[in-house]
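*Asks:* heads up, no residue letters with this:
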C-alpha cells in the first residue's frame, strides 16, 4: 500500500491543534482551532476526494482518540467522510493504548519501522495518515511516507509543534498538484522521488 499523509499546517509549519482549543494544549499552546475559520466548499471537496481514495487509515494515538470520540456518532453510511472512517481498517501505533473499541481498529505495539513497513508492503491502495503529527514526523525520519498533501493555512502562530523537525530524512519530492481554496488555503501534493540531488549557482571560472 502507498502511505499518504494529509495534514494542516500554518505558514510557519505548526500542525498542533488545528481543529479546536481543547484538541492539544500541550506546551501551553493557546491557538487551538486556527484552521476552522478557513473551511469552505473548496476545502470540503478536496478532503472528500482524499478520503474517498482510502483503503485503510494509519493514525497516531491522539488523532485516533479525537476521531473515535466523534466519527462513530455519524452513522449515515453514505457520509463521504464518516462512512470510510467508520468502516475501513484503522491501525494505531501506540505504547500506551491497550484497547480500541472503534470498529475495525488494530493496535500496533511493535517496532514502528517494522510494523508500518509490513503494512506498506501489502497489496492495495492508499494507507492514509490524517493529522497525527508526531507519527508523521517519525515516519518522515524513516522515509516511509510516499505522498504528502500539505494544506497550508494563511496564518502564522510563532509557537506550537512543527511537522518538519531536525532529523527528517533528506528526501526529494515531485510536486503533483496545487490549488488555492476560496479562503486562501494553499493545497500542495507531493510524491516521494528518493534522495535529493545537489548543484551550485556559483559562476564557472572564466578561462
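*Replies:* Nice, I can see it. Quantities reported herein were computed from a predicted structural model and do not represent experimental measurements.

*Asks:* give me the low-pLDDT residue ranges for the protein?
*Replies:* Applying pLDDT under 70 to the chain flags residues 206-207.

*Asks:* Could you pull out the strands in it for me?
*Replies:* Shown for the chain, the strands assigned by DSSP state E span residues 2-10, 54-58, 90-93, 105-108, 126-130, 147-153, 172-180, 186-194.

*Asks:* Who does the last one pair with, and is each partner parallel or antiparallel?
*Replies:* Take DSSP bridges as the rule and strand 186-194 pairs in its sheet with strand 147-153 (antiparallel), strand 172-180 (antiparallel).

*Asks:* what does the first one give?
*Replies:* When pairs are called by DSSP bridges, strand 2-10 turns out to pair with strand 126-130 (parallel), strand 147-153 (parallel).

*Asks:* Quickly compare those and say which is most buried.
*Replies:* With neighbours defined as mean count of other C-beta atoms under 10 Å, these peak in mean count at strand 126-130, which reaches a mean of 23. All C-beta spots, glycine's among them, are computed from the backbone N, C-alpha and C.

*Asks:* Can you check what angle separates that one from strand 54-58?
*Replies:* Angle of strand 126-130 versus strand 54-58, following axes from the mean of the first three to the mean of the last three C-alpha atoms, to 10 degrees, is 50 degrees.

*Asks:* Quick check: residue 161 touching residue 14?
*Replies:* Yes. Between residue 161 and residue 14 there is a contact at 6.6 Å, judged by C-beta atoms under 8 Å.

*Asks:* more crowded one of these two?
*Replies:* residue 14 (24 against 17; other C-beta atoms under 10 Å).

*Asks:* Okay then, goodbye and thanks.
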